[in-house]
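>>> Below: sequence and its predicted model.
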Amino acid sequence: MLKIPSHQVAGHHASNGTRGPLVDDSGRFYKPLKGDERGSSEVTSYKQLSSNAKVPDHICTFFPIYYGTKVMNASDGSEHPHIVLEDLTSNRENPTIMDVKIGSRTWGLEASDEYIAKCLKRDRETTSVQLGFRISGLQIYINEEVGFYKPARDLVLKSSLDDVRLLFKKFVSSGPFEETVLGPDRGWASLVYGGPNGILAQLLELKAWFEDQTIYHFCACSLLFMFEKELALEGGSPNAQVKIIDFVHVTEGRGVIDHNFLGGLCSLIKFISEVVGDHEDHITQDGDAQ
């Protein structure tokens, strides 16, 4: 039985008259394909990334599992081809999620002048040009009574540099709703961002590959961050995970390093490292270092 994803934080949402992703109970995510060359490009990218022996196995784990394509009834009632992928949130309870689009440039080299102008406008209006990345959407689990804090997408996209820094702090806040929204304590910063299995360690693993790989250019792709606050509250690992999503504009690298993605990734690593460092300095000064 198909349904609208309950944990989608960015991209096109299914609504009356508008096609959007659907999920089922078997852990699969059905994304309607674009009707132009972008649809075929996305399918080609997933096929290649899931079968190219030159891509190391540990890097392939950052990609959603690709199950092929399927013509089916779309969310608007029409029959339409969909790409079938792994539903990354299917085995998570109340996941805290952030979608971060990587790169200061979000259009492909062969894009039309009209599309370039559209993307350039968005990149300049957000933090893409300034930081090399922008937050596209997020949801933060508070507790069973309140549910999620999920700011409007337009509000997130209009974030300034200081707003982005605050959102990264809110993302790992351990406090109740008021503290998360108004004064995040970054209680889970070291646990979610830091540590051998944290988000930073995973980003550094990706960085090591992107410093050498010249097979693909990952234009306009996003990094999806996920963790589970309830697991941390129970004293366990928050199961922090990083995935690369949105392969519509992946192109051949032709022997050239993907400086656009790598630059944004390095900027993101530095940004998150500062959030973790600020938190650790704070708890040390308070005499409550872990």
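Arrived safely.

>>> and Val250, that one's in a strand?
Yes: under DSSP: H, G, I helix; E, B strand; the rest coil, Val250 sits within a strand.

>>> Pretty sure it sits against Ile244.
No: contact criterion CB atoms under 8 Å: Val250 and Ile244 do not qualify, at 9.6 Å. Glycine gets a C-beta too; all of them are placed from N, C-alpha and C.

>>> Kindly indicate whether Pro184 is helix, strand or coil.
Applying three-state DSSP: Pro184 is coil.

>>> ok, it - how many residues close by?
20 (other CB atoms under 10 Å).

>>> Please tell me how far the closest residue to it other than its chain neighbours sits from Tyr149.
For Pro184, ignoring the flanking residues on the chain, the nearest one in space by CB to CB, 6 or more residues apart in numbering is Ser173 at 3.7 Å. Distance, Ser173 to Tyr149, using CB to CB, to the nearest Å: 9 Å.

>>> what helix or strand is the most centrally placed residue in the chain on?
By CA atoms, centre = their mean, the chain has its centre lying nearest to Leu224, at 2.2 Å. Assigned by DSSP states H and E, Leu224 belongs to strand 222-227.

>>> about what we covered before: neighbour count for Ser173 and Tyr149, which is higher?
Set Ser173 next to Tyr149 and count neighbours by other CB under 10 Å: Ser173 wins out with 23 against 17.

>>> what's that one sitting at in phi/psi?
phi -70, psi 140 (degrees, to the nearest 10).

>>> hmm, back to that, for the residue nearest to Pro184, report the pLDDT, please.
The model reports Ser173 with a pLDDT of 87.

>>> what separates it from Tyr67, distance-wise?
Ser173 is 36 Å from Tyr67, by CB to CB.

>>> what's stretch 262-282 in contact with?
100, 102-104, 131-133, 164-165, 168-169, 172, 186, 189-190, 193-194, 199-200, 203-204, 206-207, 210-211, 223, 289 (CB atoms under 8 Å, 6 or more residues apart in numbering).

>>> In PDB, could you pull the C-alpha coordinates for that stretch?
Output of stretch 262-282 as PDB, limited to C-alpha atoms (Å, rounded to 0.1, in the frame of the first residue of the first chain):
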ATOM      1  CA  LEU A 262      34.700  18.700  -2.700                       C
ATOM      2  CA  GLY A 263      34.800  22.400  -1.900                       C
ATOM      3  CA  GLY A 264      31.300  22.400  -0.500                       C
ATOM      4  CA  LEU A 265      32.100  19.200   1.500                       C
ATOM      5  CA  CYS A 266      35.300  20.700   3.000                       C
ATOM      6  CA  SER A 267      33.300  23.800   4.000                       C
ATOM      7  CA  LEU A 268      30.600  21.700   5.600                       C
ATOM      8  CA  ILE A 269      33.200  19.700   7.600                       C
ATOM      9  CA  LYS A 270      34.800  22.900   8.900                       C
ATOM     10  CA  PHE A 271      31.400  24.300   9.800                       C
ATOM     11  CA  ILE A 272      30.300  21.300  11.700                       C
ATOM     12  CA  SER A 273      33.700  20.900  13.400                       C
ATOM     13  CA  GLU A 274      33.300  24.500  14.800                       C
ATOM     14  CA  VAL A 275      29.900  23.600  16.200                       C
ATOM     15  CA  VAL A 276      31.400  20.500  17.900                       C
ATOM     16  CA  GLY A 277      34.400  22.500  19.100                       C
ATOM     17  CA  ASP A 278      32.300  25.300  20.500                       C
ATOM     18  CA  HIS A 279      30.200  22.800  22.400                       C
ATOM     19  CA  GLU A 280      33.200  20.900  23.900                       C
ATOM     20  CA  ASP A 281      34.800  24.300  24.900                       C
ATOM     21  CA  HIS A 282      31.600  25.300  26.600                       C
END
